[in-house]
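Colleague: what would the 3D arrangement of this be:
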Amino acid sequence: MKVAFALITAVAAFTAYYVYSPMPSTVSERWKLMLLDAIFRCAQDLYLIDFLLQNFIMNGLLDIELKREYF
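Modeller: Reported below is the predicted structural model:
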């Protein structure tokens with residue numbers, strides 16, 4: 001139970017940290033803009049993870065498998 005509470009607290013804190021970004025007081029709908037910004041940053045981070053996995057990790061694994069076949 002304590003682990004679940006700690007995990008939920010950590011996820012909530014990380015989500016709040018990721019979503020919140022300071023805005024000027026003149027912006028009328030700050031939370032909508034913050035959520036939209038968080039969605040775009042999340043999409044950008046997911047694309048970066050996909051790019052890194054495809055180009056570096058998977059190619060490295062394929063190179064290791066090809067070397068094993070030829071030796």
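Colleague: what's the residue nearest to the spatial centre of the chain sitting at in phi/psi?
Modeller: Nearest residue to the geometric centre of the chain (C-alpha atoms, centre = their mean): Asp45, 4.8 Å. Asp45 has phi and psi values of phi -70, psi -40 when expressed as degrees, to the nearest 10.
Colleague: got a pLDDT number for it?
Modeller: Per-residue pLDDT puts Asp45 at 93.
Colleague: again with Arg41
Modeller: pLDDT, Arg41: 94.
Colleague: what's the nearest residue to it if we skip its chain neighbours?
Modeller: Closest residue in space to Arg41, ignoring its immediate chain neighbours: Tyr18 at 7.5 Å, by C-beta to C-beta, 6 or more residues apart in numbering. (Each C-beta comes from the backbone N, C-alpha and C, glycine too.)
Colleague: contact partners for that neighbour?
Modeller: Ala38, Arg41, Cys42 (C-beta atoms under 8 Å, 6 or more residues apart in numbering).
Colleague: show me the contacts for Arg30.
Modeller: Arg30 makes contact with Met23 under the criterion C-beta under 8 Å, 6+ apart.
Colleague: with Val19 instead?
Modeller: Counted by C-beta under 8 Å, 6+ apart, Val19 has contacts Met34, Leu35, Ala38.
Colleague: just the buried members of those residues?
Modeller: Buried members of these, scored by 16 or more other C-beta atoms under 10 Å, are Met34.
Colleague: what's the closest of the contacts of Val19 to Ala12?
Modeller: Proximity of these to Ala12 (C-beta to C-beta) peaks at Ala38, which lies at 14.2 Å.
Colleague: just the buried residues of the helix or strand containing Leu36, please?
Modeller: For Leu36, the host element (DSSP states H and E) is helix 30-52. Buried residues in helix 30-52, counted by 16+ other C-beta under 10 Å: Met34.
Colleague: can you check stretch 6-24 too?
Modeller: Buried-residue list, stretch 6-24, by 16+ other C-beta under 10 Å: empty.
Colleague: using PDB, write out the CA atom coordinates for it.
Modeller: In PDB, the C-alpha atoms belonging to stretch 6-24 read as follows (Å, rounded to 0.1, in the frame of the first residue of the first chain):
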ATOM      1  CA  ALA A   6       4.500   6.600  -3.300                       C
ATOM      2  CA  LEU A   7       4.200   5.600  -7.000                       C
ATOM      3  CA  ILE A   8       1.000   7.600  -7.400                       C
ATOM      4  CA  THR A   9       2.500  10.600  -5.800                       C
ATOM      5  CA  ALA A  10       5.600  10.400  -8.000                       C
ATOM      6  CA  VAL A  11       3.500  10.000 -11.200                       C
ATOM      7  CA  ALA A  12       1.400  13.000 -10.100                       C
ATOM      8  CA  ALA A  13       4.400  15.100  -9.400                       C
ATOM      9  CA  PHE A  14       6.100  14.200 -12.600                       C
ATOM     10  CA  THR A  15       2.900  15.000 -14.600                       C
ATOM     11  CA  ALA A  16       2.500  18.300 -12.900                       C
ATOM     12  CA  TYR A  17       6.100  19.200 -13.500                       C
ATOM     13  CA  TYR A  18       5.800  18.200 -17.200                       C
ATOM     14  CA  VAL A  19       2.600  20.100 -17.800                       C
ATOM     15  CA  TYR A  20       3.200  23.300 -15.900                       C
ATOM     16  CA  SER A  21       5.200  26.000 -17.600                       C
ATOM     17  CA  PRO A  22       5.200  29.600 -16.500                       C
ATOM     18  CA  MET A  23       3.000  31.900 -18.600                       C
ATOM     19  CA  PRO A  24       2.500  35.700 -18.500                       C
END
